[in-house]
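Asker: fold the following for me, if possible:
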Amino acid sequence: MRIALISASRVPSRTANSIELMKVCQAFVDLGHDIHLWLPGSEQKIVWAELKEIYGIRDSFPISRVTSLRVFRRYDFSLRAVLKARAWDPSLCYVWPLQAAAIASSLGLPTALEIHDCPQGRLGPILFRRFLEGRGAIRALPITEAMREWLSDAYQVDLEPPFALVAPMGMDLAQYHNLPDPEKAREKLGLNEGFTAGYAGHLYAGRGIDMLMDLAWRNQDVHFLWAGGESEAVEFWRSRLQKAGLQNVKLLGFVPNERLPLVQAACDVLLMPYERKISGSSGGDTAQFASPMKQFEYLASGRVIIASDLPVFREVLNEENAVLLPPNDVAAWDEALNQLIADDSRRNSLADRARKDAAQYDWRDRARRLLDGLEENDAA
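Answerer: Below is the predicted model of the structure:
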């Protein structure tokens, strides 16, 4: 298939939506599809060595940038990108911006829309309906079942397969093959030996970083490894930790995607202490519909997961592959951590199940499933 991808993400960037975008592109390439990606911004040289390190991708593919003015809030970008994509004669327009989805579908271009949040503002609902009612709408891809159900109820539309498919985030399973055990991984990274609890991700509000600090205070014989966060946030938390006199927390800052599996492998336990309200890279609250990539990476790493028991996380996590606990209940988290430290058998059981469950969330398999049935339309 010839797949035109349209995204408003910044590339290069460390945001989750940017990483997911490039992983989706790589998955389509892996499956043998011919792709072209359109992004906002002025033309600039693509440094593929940099992109491959940041995103953990292997191949190069065409990327075009489309100029837009901030005052038009990406509407001009979406229109121009869709018109350029149409001139490329794609089999499918795979898009993230609602504006692009509405325009492409209205023009009759076969359009798949990946949906990460509710349509926002006054025009969001109008654009979503325009996508649904256009001649080109052939697939809606909400990232969680919770999102699919909300959209179906809110818009009174039948969002069922094959038109609508739930498209949770994923991970590159190949990156997690043959990982060393925690001791050897720590040795490779030059980390202190000893039981290690890890967190990988941004340090935004709602990610439970305060509770991570409380856990470190309560368990000063445990090493805590934090990977991720922009430099300003990293320095903020480093200063707080120093003022508190905590010396058992190591902040790595941003870790390129290709190195992240080894960092996660260096941990005996991986933590997902999300709060009941979660801020994303663009603000807002994503707690109801979130599908964080870290839960899939954690599964693939084959380590014990301790996660907040949010309803949406139970679409992926359960008592057989993770320990699920009330958000913000530091006493419960502290007790669970210490029980796991003392119980090798339970740690091994949970970790083994996590590794097995990860197999269904590989980016390539995700891409194959999301395109299922559309290749026949292309051939026709």
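Asker: can you list the weak-confidence ranges in this protein?
Answerer: Along the chain, segments meeting pLDDT under 70 span 279-285, 376-380.
Asker: swap in 80 and give it another go.
Answerer: Applying pLDDT under 80 to the chain flags residues 43-44, 69-73, 278-286, 375-380.
Asker: any idea how far the most centrally placed residue in it lies from Met1?
Answerer: Geometric centre of the chain, nearest residue: Met293, 3.4 Å, by CA atoms, centre = their mean. As judged by CB to CB, to the nearest Å, Met293 and Met1 stand 25 Å apart. Using the backbone N, CA and C atoms, a C-beta is placed for each residue, glycine as well.
Asker: quick one, strands of the stretch 51-200 of the chain?
Answerer: Using DSSP state E, counting those that start in this stretch, the strands of the stretch 51-200 of the chain run over 63-66, 92-95, 111-115, 137-142, 196-200.
Asker: just checking, what packs against the second one?
Answerer: Helices and strands touching strand 92-95, by 3 or more CB pairs under 8 Å, 6 or more residues apart in numbering; DSSP states H and E, are strand 2-6, helix 98-106, strand 111-115.
Asker: let's see that with 10 Å instead.
Answerer: Using 3 or more CB pairs under 10 Å, 6 or more residues apart in numbering; DSSP states H and E, the elements in contact with strand 92-95 are strand 2-6, helix 16-30, strand 34-40, helix 75-87, helix 98-106, strand 111-115, strand 137-142, helix 374-379.
Asker: can I get the ones you listed in JSON lines with mean neighbour count and distance to Ile63?
Answerer: Listed next are these as JSON lines, based on neighbours: other CB atoms under 10 Å; distance: least, CB to CB, whole Å:
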{"stretch": "strand 2-6", "mean neighbour count": "24", "distance to Ile63": "9"}
{"stretch": "helix 16-30", "mean neighbour count": "22", "distance to Ile63": "9"}
{"stretch": "strand 34-40", "mean neighbour count": "21", "distance to Ile63": "5"}
{"stretch": "helix 75-87", "mean neighbour count": "20", "distance to Ile63": "12"}
{"stretch": "helix 98-106", "mean neighbour count": "27", "distance to Ile63": "16"}
{"stretch": "strand 111-115", "mean neighbour count": "25", "distance to Ile63": "18"}
{"stretch": "strand 137-142", "mean neighbour count": "22", "distance to Ile63": "22"}
{"stretch": "helix 374-379", "mean neighbour count": "13", "distance to Ile63": "22"}
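Asker: turn those into JSON lines, including distance to His202.
Answerer: Listed next are these as JSON lines, based on distance: least, CB to CB, whole Å:
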{"stretch": "strand 2-6", "distance to His202": "24"}
{"stretch": "helix 16-30", "distance to His202": "8"}
{"stretch": "strand 34-40", "distance to His202": "21"}
{"stretch": "helix 75-87", "distance to His202": "25"}
{"stretch": "helix 98-106", "distance to His202": "24"}
{"stretch": "strand 111-115", "distance to His202": "20"}
{"stretch": "strand 137-142", "distance to His202": "22"}
{"stretch": "helix 374-379", "distance to His202": "33"}
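Asker: let me know which of the ones you listed is the nearest to Leu324.
Answerer: Comparison of the helices and strands packed on strand 92-95 against Leu324 by CB to CB identifies helix 16-30 as nearest, at 21.7 Å.
Asker: ok, now which ones touch the nearest residue to Glu375 once chain neighbours are set aside?
Answerer: Leaving out its chain neighbours, the residue that sits closest to Glu375 by CB to CB, 6 or more residues apart in numbering is Met1, at 6.1 Å. Residues near Met1 by CB atoms under 10 Å, 6 or more residues apart in numbering: 28, 31-35, 90-92, 94, 110, 371, 374-375, 377-379.
Asker: on that earlier part again, the strands of the stretch 51-200 of the chain into JSON lines, with extra columns for distance to Ser301?
Answerer: Formatted as JSON lines, these follow (distance: least, CB to CB, whole Å):
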{"stretch": "strand 63-66", "distance to Ser301": "30"}
{"stretch": "strand 92-95", "distance to Ser301": "28"}
{"stretch": "strand 111-115", "distance to Ser301": "25"}
{"stretch": "strand 137-142", "distance to Ser301": "26"}
{"stretch": "strand 196-200", "distance to Ser301": "9"}
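Asker: closest one to Leu271 among these?
Answerer: strand 196-200 (4.8 Å).
Asker: ok, back up a step: could you check how far the residue nearest to the centre of the chain is from Arg353?
Answerer: 20 Å.
Asker: likewise for Ala300?
Answerer: On the measure of CB to CB, Ala300 and Arg353 end up 12 Å apart.
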